[in-house]
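**Q** sequence plus predicted model, see below.
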Amino acid sequence: MKQMLCKFVILILATIVLSSCSFLFPDMGLQFHNNKNHSSPVPAEPLPADVKPTPNQMVMPALPEQQTSKLPRSVESGPLPGESLSSTGSLDTIPSEPAFYPGKRTIIPDRNNSQSLSASNASLVLDKALLTEDITWSGTVLVKGYVVVAPNVTLRIEAGTVIYFAGTSDGSDAARLVVQGRIQAIGTAESPIVMTSDRTRPDIGDWGGILIVSSEKRNVLEQCRVQYASIGIEAVFSSLNLKFVSVIRSDVCALLRDSYVQMTGGTLSNSGFGIKTYDSELELKDASVVSNKNGIILNNSAVSLTSVVIRDNELYGIFSKNSRIKVSSSEISGNGNGAVIKDGEGQILMTNFSANNRTALRLAGSRIKVQHCRFVNNNHDALQLEDGRALIWGNFFNGNKGFNLYNSGREDVLALQNWWGSTDRSAIIQKIYDGVHNPGSGSVLLFPWLNEKPQLHP
């Protein structure tokens, strides 16, 4: 009798326990039953938004909707703030500045680049040296660590001198030349001065470069070749004259901060950046900026470019922000984006924009006069404007795959007396994007246009 009573009590307790579990875990019963047949529990259905789960209830989040790839925005919808609409309907966002992170190399060099130059092969070896008296270098010079030219001291470098800068295995504390006084490095076409890595298999960033700091003196580099540096030539609160100087295979060829630099002739090529300026003045004439990741990047600067070739730079030929710019008789061709000018002013005269892969010239918030320029055979839009502050006058447009002129803003654009590649009105209008295509855009004022090619252009 007692045994039957005990069994009856146990049965009642078991029933109570199972009822409690069912209340606490209403969706788990099936899982407990079938757990031996499944490697993992079946997730419960998500609760409705207005139902709160019990404290011990397992709630699985709802699966996100399948994400689709970003489709081009339709012409009718218009660009979002900070974006501009391309002729194909895709969105082109203008960055504040092409990315560059100090201390991180644009192009990572191979640090296993063989052995360095032996000191016995150099006529002069300097290791962590401070120059306190005027000195002249010639022959073969090896710099280890650093050389600092003290204020009021002049370093002269004779034609034909080769200066090797020692690198380190990990790229840290690489050798560099720091000028606080004055540098006069005068080579010749037959005997240029060469500043390079000491490695037998040199690579980008092997040495630090030339840094000119707070030197308003007559600093001159002429017929020099600088190569395999991190920053080839850097000027900070200084003035510098470069004549037929070539800087190649560096993270940055030339970096200017609060400085005044004149450069005539020479080449800046095969690097992360050709020129970067901050709060500086730059006069560039008869020079080439070619085959870099980015060509010329300008920030809060005043720049004059005359007879400059800016070609085959992967991302930007010119990217200018808050700067005053004058470009004349130059070539901007074969770049990713030809030239982007944001919040600037100035003029672009008699310059050839051709075969750029994206927009040849883009103006945003800029008071720029574009006159007597050629826009031919670009692979995207020739000219794109985001407001009506520019004047487009007397230019030549032909063979561009996108629009000849694309007004992505709401203001009217003045573009008179241009040759649009045809005298037929419908053909001209077909290559112009404005309020006719999108009621949200401003108009492009075309008439009168030129009915024959300008004599200036073939």
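**A** Everything's here; your move.
**Q** distance check, the spatially most central residue of the chain against Ala339.
**A** For the chain, Pro98 is the residue whose C-alpha lies nearest the centre (C-alpha atoms, centre = their mean; 2.6 Å). According to C-beta to C-beta, to the nearest Å, Pro98 and Ala339 sit 13 Å apart. For the C-beta atoms, the positions are set from N, CA and C on the backbone; glycine is no exception.
**Q** could you tell me which residues touch both of these two?
**A** Tyr316, Phe319 (C-beta atoms under 8 Å, 6 or more residues apart in numbering).
**Q** quick one: the helices in the stretch 301-450 of the chain?
**A** Per DSSP state H, counting those that start in this stretch, the stretch 301-450 of the chain carries helices over the ranges 425-430.
**Q** dump the C-alpha coordinates for stretch 365-383 into CSV.
**A** Presented in CSV, the C-alpha positions along stretch 365-383 are these (Å, rounded to 0.1, in the frame of the first residue of the first chain):
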residue,chain,number,x,y,z
GLY,A,365,31.3,75.0,-55.9
SER,A,366,34.0,76.5,-58.1
ARG,A,367,34.3,79.9,-59.8
ILE,A,368,36.3,78.7,-62.8
LYS,A,369,36.5,80.0,-66.4
VAL,A,370,37.0,77.2,-68.9
GLN,A,371,38.1,78.7,-72.2
HIS,A,372,39.6,77.5,-75.5
CYS,A,373,40.0,73.9,-74.2
ARG,A,374,39.7,70.6,-76.0
PHE,A,375,37.5,67.8,-74.7
VAL,A,376,38.0,64.8,-77.0
ASN,A,377,37.6,61.1,-76.9
ASN,A,378,37.0,60.8,-73.2
ASN,A,379,35.5,57.5,-72.0
HIS,A,380,32.9,59.2,-69.8
ASP,A,381,31.4,62.7,-69.5
ALA,A,382,33.6,65.5,-70.8
LEU,A,383,32.5,68.2,-68.4
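**Q** would you mark the buried spots in it?
**A** 365-368, 370-378, 380-383 (16 or more other C-beta atoms under 10 Å).
**Q** narrow those to those in strands?
**A** With strands taken from DSSP state E, the overlap with the buried residues of stretch 365-383 comprises Arg367, Ile368, Val370, Gln371, Arg374, Phe375, Val376, Leu383.
**Q** most widely separated two among those residues?
**A** Within these, Arg367 and Val376 form the most distant pair, 25.4 Å apart (C-beta to C-beta).
**Q** got a list of what the residue nearest to the centre of the chain touches?
**A** With C-beta under 8 Å, 6+ apart, Pro98 has these contacts: Phe273, Lys293, Asn294, Ile297, Leu315, Tyr316, Phe319.
**Q** which helix or strand contains it?
**A** For Pro98, there is no host helix or strand (DSSP states H and E).
**Q** so what's it scoring on pLDDT?
**A** The score at Pro98 is 76. That number is its pLDDT.
**Q** just give the closest residue to it, not the sequence neighbours.
**A** Asn294 (4.8 Å; C-beta to C-beta, 6 or more residues apart in numbering).
**Q** so the one you found makes contact with Cys253?
**A** No. Using C-beta atoms under 8 Å, Asn294 makes no contact with Cys253, being 10.4 Å away.
**Q** quick check: neighbours shared by those two?
**A** Phe273, Gly274.
**Q** between those two, who's got more neighbours?
**A** Set side by side, Asn294 and Cys253 show more neighbours around Cys253, with 31 against 28, by other C-beta atoms under 10 Å.
**Q** what does the average pLDDT come to for stretch 357-369?
**A** 97.
**Q** how close does Lys342 get to Leu177?
**A** 35 Å.
**Q** and if you look at Lys217?
**A** 15 Å.
**Q** more crowded one of those two?
**A** Leu177 (24 against 18).
**Q** so Leu405 bridges to which residues?
**A** Leu383, Ile432 (DSSP bridges).
**Q** pLDDT below threshold where in this protein?
**A** Residues of the chain that meet the criterion pLDDT under 70 lie in 1-96, 99-120, 168-172, 456-458.
**Q** tell me the contacts of Val303?
**A** Residues near Val303 by C-beta under 8 Å, 6+ apart: Thr277, Glu281, Leu282, Glu283, Leu284, Ile296, Ser320, Ser323, Arg324, Ile325, Lys326.
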